[in-house]
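> based on what follows, work out the 3D shape:
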Amino acid sequence: MDHLARLLCLSLLLWCLCPPDAAAGPWPREAGAGFTAQGVKPSWPLQAEGGGAEIYSSFYLEYGLRGGTTLGLDLGRGATGKGKVIAFLRRPVPVASDRWLAAVTIGAGRIDGAEVLRPGLSLGRGVQLPRRSEEPLTGWLSLDAFAEHYLRQGRTDLKIDVTLGVNHRSGRKYMLQLQAGRAAGARSFLRLAPSVAIPLRGGRHLEAGLSVGLAGEDRWGVTLGLWREF
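Below you'll find the model as predicted:
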């Protein structure tokens, strides 16, 4: 059995050791239901002398299993900006709150060709935004934290995303996300990423957004993507 196979076995073992689901985790997929998101993200330096444009594509998949467990695949880039291929399992865990939901994730794969174990924790809750003349808008608040541990190199990169989302009556979803992280041996970064998802036919949404580095990153970018539920 090679090193990656042992890594996948360890991931499955850690996932099995998590407490049984006693509450629905942050928005698990129903059994047999799926979700995909494909996107392209070009970016440019904030300063003209900061270098040229960069562009990368991403693909994300979730598929619901029994008991609130979600199977997924994450292709794109990690906290270092290098290419990643991560398979993961997420399952809900109990929390002492009737408003917050929680889930743990265990993932394994490669980032820039190196074998990686990626544990994570997600918290989330529904929110209502008051309006003076109409019914409140519904939305959500979530926090997703991940550690990308490189097994052979013995280093760990960290990433945290905090998202506020609003569901509009038109079916559009407005999102404001703060992205923070730190690669081992590098400075921390903070990025602001607002976006909107516009409903299309057949359970699809067109996502369009921007991102700008606030600290530790002197770049801005554009996000264009397609979501699909099935």
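> residue 72 and residue 103 touch, don't they?
No. Checked against C-beta atoms under 8 Å, the pair residue 72 and residue 103 is beyond contact range at 11.4 Å. To be clear about C-beta, it is placed using only N, CA and C from the backbone, and glycine gets the same treatment.
> and the helices in the chain?
Here the chain has its helices, by DSSP state H, at 3-16.
> and the residue nearest the centre of this protein?
Central residue of the chain (C-alpha atoms, centre = their mean): residue 144, 6.7 Å from the mean position.
> let me see the contact set for that residue.
For residue 144, the contacting residues are 120-122, 160-161, 163, by C-beta atoms under 8 Å, 6 or more residues apart in numbering.
> go on, residue 199?
Contacts of residue 199 by C-beta under 8 Å, 6+ apart are 170-172, 205.
> including neighbour count, could those go into JSON lines?
As requested, those are exported to JSON lines (neighbours: other C-beta atoms under 10 Å):
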{"residue": "170", "neighbour count": "8"}
{"residue": "171", "neighbour count": "11"}
{"residue": "172", "neighbour count": "14"}
{"residue": "205", "neighbour count": "18"}
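> can you lay out these as TSV showing pLDDT?
Shown next, in TSV, are the contacts of residue 199 (pLDDT from 0 to 100):
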residue	pLDDT
170	89
171	91
172	95
205	96
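> turn those residues into CSV, including distance to residue 221.
Output for the contacts of residue 199, formatted as CSV (distance: C-beta to C-beta, whole Å):
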residue, distance to residue 221
170, 26
171, 26
172, 21
205, 20
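> which ones among the residues you listed map onto strands?
Judged by DSSP state E, strands contain the following of the contacts of residue 199: residue 205.
> looking at the contacts of residue 199, spot the one nearest residue 37.
residue 205 (8.8 Å; C-beta to C-beta).
> beta partners for that closest one?
Counting by DSSP bridges, residue 205 forms beta bridges with residue 199, residue 227.
> how about it, what does it touch?
Counting by C-beta under 8 Å, 6+ apart, residue 205 touches 173, 197-199, 226-228.
> that one and residue 149, how far apart?
33 Å (C-beta to C-beta, to the nearest Å).
> any idea how far residue 49 lies from residue 38?
For residue 49, the distance to residue 38 equals 33 Å [C-beta to C-beta].
> tell me the contacts of residue 70?
28-29, 62-64, 89-91.
> ok, now with 10 Å
Contacts for residue 70 were tallied using C-beta atoms under 10 Å, 6 or more residues apart in numbering; they are 25-31, 33-35, 62-64, 88-92, 103, 105.
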